[in-house]
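Asker: Just the structure for this:
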Amino acid sequence: MSACIDISHWQGFPDFEQVAREGVVACIMKATEGTSYIDPNRAANFVAATNAGIACCCYFWLKPGNGAAQADFFLEVVQPVEGERVVIDYEESGCSLTDLKQAIQALLDYGNDLRITVYSGHLLKEQLGNDFDEYLYEHTDLWLAQYTTGTPTWPSETYPDWTLWQYTDQGDVDGIDGNVDLDDFNGDNKALLEWITPAGKKPPTPQPEPTETVEVAITAPDTVKVNVTLNGAPVRRKRKLLFVRGPDT
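Answerer: As a prediction, this is how the structure comes out:
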């Protein structure tokens, strides 16, 4: 299971306690888009995920034109704290490097020593090509989007390596209805938590990975409803429990 996911309102309101038990320790959430749209689920999901011990940060979807105004809108909504990680989703056709750099500069001008990540796939690769962009190199790191089981490609002249790689949008995580994006961090979980947690704050301690399988056999008549909980939470699909029907059921 990937240790990092990213979500928007399309994932509804996940059961983050269960998501955490699946080994997810970090989550990036959509906050805004353009200069008027606010993700309606982000605020509640951010609180629920944090309470479940999942470290979180937010992103905004950049649209073509006036990157600074879009960044300012995101800042007004999220009000990031000192050293917080913020992400610019740079993928919409028509966006330019000028739009992106205006947004970055607005985040820098906000103060609070925000740590800035650019999320992008083919758009940034096509625009940068083999060129070195000193501004992006100095002020941002890369969250790469490329759905492949092989080795990804990225604008390596500007970014010697990717920091985060979104490798699928078809992930299946208990506690989340439907598919979800899965992300691979270029390091271990400790480094991931340090990366996503505001600078100077202590990252949460991730729950330990399961080390053994518990097999439970339940025999009950068809007229009896069986509800199973694991550590106080209802058991759903993919839990490591084996149900064996008896000969008289």
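Asker: What pairs with the helix or strand where residue 32 lies, parallel or antiparallel?
Answerer: Assessed by DSSP states H and E, residue 32 sits inside strand 26-33. Note on strand 26-33: by DSSP bridges, its sheet partners are strand 4-7 (parallel), strand 37-38 (antiparallel), strand 55-61 (parallel).
Asker: which residue sits closest to residue 186 in space, ignoring its chain neighbours?
Answerer: Closest residue to residue 186 apart from its sequence neighbours, by Cβ to Cβ, 6 or more residues apart in numbering: residue 163 at 5.6 Å. Yep, even glycine has a C-beta here, placed from its N, CA and C like the rest.
Asker: What spatial separation is found between the nearest residue in space to residue 157 that is not next to it in sequence and residue 25?
Answerer: Take residue 157 and drop its neighbours on the chain: the residue closest to it by Cβ to Cβ, 6+ apart is residue 132, 4.6 Å away. Distance of residue 132 to residue 25, given as Cβ to Cβ, to the nearest Å: 33 Å.
Asker: re earlier: now distance to residue 191, mean neighbour count and mean pLDDT too, for the strands paired with strand 26-33, in a markdown table please.
Answerer: Converted to a markdown table, the strands paired with strand 26-33 look like this (distance: least, Cβ to Cβ, whole Å; neighbours: other Cβ atoms under 10 Å; pLDDT from 0 to 100):
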| stretch | distance to residue 191 | mean neighbour count | mean pLDDT |
| --- | --- | --- | --- |
| strand 4-7 | 11 | 25 | 98 |
| strand 37-38 | 31 | 16 | 98 |
| strand 55-61 | 12 | 24 | 98 |
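Asker: need those strands in TSV with distance to residue 186, can you?
Answerer: Converted to TSV, these look like this (distance: least, Cβ to Cβ, whole Å):
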stretch	distance to residue 186
strand 4-7	11
strand 37-38	31
strand 55-61	16
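Asker: and of those strands, who's closest to residue 219?
Answerer: For residue 219, the closest of the strands paired with strand 26-33 is strand 4-7, at 37.2 Å, according to Cβ to Cβ.
Asker: could you dump the next helix or strand after the closest one to CSV, C-alpha only?
Answerer: Downstream of strand 4-7, the next assigned helix or strand under DSSP H and E is helix 16-21. Extracted C-alpha coordinates of helix 16-21, given in CSV (Å, rounded to 0.1, in the frame of the first residue of the first chain):
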residue,chain,number,x,y,z
PHE,A,16,-9.5,8.2,7.8
GLU,A,17,-9.1,5.9,10.8
GLN,A,18,-9.4,2.9,8.5
VAL,A,19,-7.2,4.7,5.9
ALA,A,20,-4.5,5.0,8.5
ARG,A,21,-4.8,1.4,9.4
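Asker: Can I get the helix or strand residue 183 falls within as CSV, trimmed to CA atoms?
Answerer: Element membership for residue 183 (DSSP H and E) is strand 180-185. The C-alpha trace of strand 180-185 is given here as CSV (Å, rounded to 0.1, in the frame of the first residue of the first chain):
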residue,chain,number,x,y,z
VAL,A,180,-7.9,7.2,-5.3
ASP,A,181,-4.6,8.6,-6.5
LEU,A,182,-1.5,6.8,-5.1
ASP,A,183,1.9,8.4,-4.7
ASP,A,184,5.4,7.1,-4.2
PHE,A,185,7.7,9.3,-2.1
